[in-house]
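Enquirer: here are the coordinates; sequence isn't available:
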């Protein structure tokens, strides 16, 4: 059974940092890209970051570019999202996403999802 377990979310003040982790079990991520998404209340999920299978290539959404860094450790079957200079508007539920890509998926969207971890930026 494939499981993606995000952790590391929480409450942080504006300007602070958090590091999200996504530990994957039941599936080996080394051959697959990984994406991080976030969802605001009442809104569709939006892509935050994408990391290629080898980890050499990354893409970021414009609002987070220069502040967030996605990485992966294939030996630990774990991916990370380092978030710095957090802003109020980063408050969202963050998801990791990987695996094969069946038809109908969005760009950078894959079949396996975690349950999400809440990030709240507030003073």
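Expert: Perfect, I can see it now. Since we're looking at a predicted model, the values are computed, not measured.

Enquirer: For the residue nearest to the spatial centre of the chain, give its distance to residue 84.
Expert: Centre of the chain computed as the mean C-alpha position; nearest residue by CA atoms, centre = their mean is residue 36, 2.4 Å away. To residue 84, residue 36 is 14 Å away according to CB to CB, to the nearest Å. Where C-beta positions appear, they are placed from N, C-alpha and C, glycine not excepted.

Enquirer: go on, residue 11?
Expert: Separation of residue 11 from residue 84 (CB to CB): 16 Å.

Enquirer: now swap in residue 46 and tell me
Expert: As judged by CB to CB, residue 46 and residue 84 stand 19 Å apart.

Enquirer: Repeat that for residue 68.
Expert: With the distance defined as CB to CB, residue 68 ends up 7 Å from residue 84.

Enquirer: Of these two, which one has the most company?
Expert: Shown here are residue 68 and residue 84; by other CB atoms under 10 Å, residue 68 has more neighbours (22 against 14).

Enquirer: need the contact list for the closest residue in space to the more buried one that isn't next to it in sequence.
Expert: Once flanking residues are discounted, residue 68 sits nearest to residue 83: 5.1 Å by CB to CB, 6 or more residues apart in numbering. Residues in contact with residue 83 (CB atoms under 8 Å, 6 or more residues apart in numbering) are 17-20, 64, 67-68, 90, 119.

Enquirer: Can you redo the residues you listed as JSON lines, where the extra columns are distance to residue 58 and secondary structure?
Expert: JSON lines is the format used below for the contacts of residue 83 (distance: CB to CB, whole Å; DSSP: H, G, I helix; E, B strand; the rest coil):
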{"residue": "17", "distance to residue 58": "18", "secondary structure": "coil"}
{"residue": "18", "distance to residue 58": "18", "secondary structure": "strand"}
{"residue": "19", "distance to residue 58": "16", "secondary structure": "strand"}
{"residue": "20", "distance to residue 58": "15", "secondary structure": "strand"}
{"residue": "64", "distance to residue 58": "11", "secondary structure": "helix"}
{"residue": "67", "distance to residue 58": "13", "secondary structure": "coil"}
{"residue": "68", "distance to residue 58": "10", "secondary structure": "strand"}
{"residue": "90", "distance to residue 58": "18", "secondary structure": "helix"}
{"residue": "119", "distance to residue 58": "19", "secondary structure": "strand"}
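
Enquirer: Appreciated, that's everything.
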